[in-house]
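*Asks:* Dropping a prediction and its sequence here:
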Amino acid sequence: MSQDLAATRGVTEVEERSPSLLVRLLAETFGTFLLTLVIVGMLVYGPLNSAQALGIALGGAFAYIAGAAAVGRISGAHFNPAISLGAWLGGRISVGSMFSYWGAQLVGAILAAAVLFTTLPRALVELLGKEDTQGVFSSAVNGFGELSPLYLQTQGGAQFDWFPALLVEVIISAVLVGVYLGANDPRRPLGYGPLAVGSAIAALTLISWFITNTGMNPARSTAAAIFAGEWGQLWLFWVAPLVGAALAALFYRAFGSNETEETEELDLDEDDDDLDDDDVVVVEETEIVAAETPAKAEAETEDEAVTPEPAKKADDKA
């Protein structure tokens with residue numbers, strides 16, 4: 001019995017032991033590396049394929065789902081500074097962990113862009129009519145105005161200015177973070193968080209690719225800007241996702257938490273109503289029988305102890 005209890009306690013301790021911060025940071029680096037490698041890679045090599053917005057959307061969704069399935073149980077599968085901010089404001093991680101996650105995510109995104117930058121063939125740069133590799137990476141940069149994909153698709157006939165781009169980025173980032181917080185709520189785990197977040201990435205990419213090249217992720221935006229040499233508009237792709245993440249987290253804490261508490265109270269009330277009088281009677285009868293049993297056992301033991309004495313006296317008279 002004691003061995004079973006010891007084994008059970010050992011399993012519980014292993015399950016409840018959380019990964020160290022270093023392990024979580026390595027997981028975030030890996031996940032962000034994978035996500036950036038796929039998205040930026042598809043944008044850089046976009047002229048060679050016909051994937052366009054649908055291919056980029058599905059590529060980003062599949063990359064996130066794969067990364068979350070691999071390391072999500074370790075770090076929570078943020079892979080995005082905006083999601084980390086939402087997790088902190090939502091009470092999921094500490095502020096120190098949030099900034100550490102940001103550093104790991106930037107490292108992963110920059111490493112992925114560096115791999116693409118150094119492996120890009122020089123002959124391909126010339127075939128695409130670009131002056132250097134930075135020119136090829138310009139297709140992966142998030143931007144508005146002349147850097148908007150709409151400007152390039154219409155050959156300068158139409159473009160999105162900074163305010164529409166800012167508004168769209170705030171909205172899609174808020175939706176993404178809201179989906180993450182809801183699908184990964186520890187109080188009500190749904191079990192398909194990676195699929196929900198990946199689906200959100202795909203859907204939001206389809207509606208925002210022509211506007212800003214779909215930011216939502218400051219780490220990915222920073223990596224593309226570094227190797228393309230385009231820093232002028234990067235501020236928008238940090239401000240907008242973080243503002244959207246903050247709005248989503250505050251909204252979720254205000255309404256999502258209350259909904260969960262009300263549901264739990266309702267469940268408790270229903271459980272209380274299920275107890276009827278018959279259950280109480282059965283419990284009381286069981287307690288009475290359990291109380292009488294030891295008393296009967298003691299009485300029988302005393303009778304057995306007293307019974308041999310008359311026999312002993314009869315032997316003495318004989």
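*Replies:* That came through fine. Note that the structure is predicted; figures quoted are calculated from it, not measured.
*Asks:* Show me the shaky parts of the stretch 151-300 of the chain.
*Replies:* For the stretch 151-300 of the chain, applying pLDDT under 70 flags the ranges 189-190, 256-300.
*Asks:* Run through the helices of it in chain order.
*Replies:* In the stretch 151-300 of the chain, helices defined by DSSP state H, counting those that start in this stretch lie at 162-183, 193-212, 218-228, 236-251, 257-274, 277-306, listed in chain order.
*Asks:* Once you drop chain neighbours, what's closest to Ile93?
*Replies:* Leaving aside its chain neighbours, Ile93 sits nearest to Ala87 (5.0 Å; criterion: C-beta to C-beta, 6 or more residues apart in numbering). Using the backbone N, CA and C atoms, a C-beta is placed for each residue, glycine as well.
*Asks:* same deal with His78?
*Replies:* Closest residue to His78 apart from its sequence neighbours, by C-beta to C-beta, 6+ apart: Ser84 at 4.7 Å.
*Asks:* which residues touch the residue nearest to Ile93?
*Replies:* Contacts for Ala87 (C-beta atoms under 8 Å, 6 or more residues apart in numbering) come out as Gly76, His78, Ile93, Met98, Tyr180, Leu181, Ala249.
*Asks:* go again using 10 Å as the cut-off
*Replies:* Residues counted as contacts of Ala87 (C-beta atoms under 10 Å, 6 or more residues apart in numbering) are 76, 78, 93-94, 97-98, 101, 177, 180-181, 184, 245, 249.
*Asks:* Okay, it and Phe210: tell me how far apart.
*Replies:* 30 Å (C-beta to C-beta, to the nearest Å).
*Asks:* Now Leu111. Nearest residue, chain neighbours left out?
*Replies:* Phe33 (5.5 Å).
*Asks:* What residues sit buried inside the one helix or strand the one you found maps to?
*Replies:* Taking DSSP states H and E as the criterion, Phe33 maps to helix 21-44. Residues 24-44 are the ones in helix 21-44 that count as buried (16 or more other C-beta atoms under 10 Å).
*Asks:* sorry, back to before: now the angle between helix 236-251 and whichever strand or helix holds the residue nearest to Ile93, please.
*Replies:* Per DSSP H and E: Ala87 is located in helix 81-89. Put simply, helix 81-89 runs at 30 degrees to helix 236-251, going by axes from the mean of the first three to the mean of the last three C-alpha atoms, to 10 degrees.
*Asks:* Now do the next helix-or-strand element following helix 81-89, average pLDDT.
*Replies:* Downstream of helix 81-89, the first helix or strand assigned by DSSP H and E is helix 95-119. The pLDDT scores in helix 95-119 average 97.
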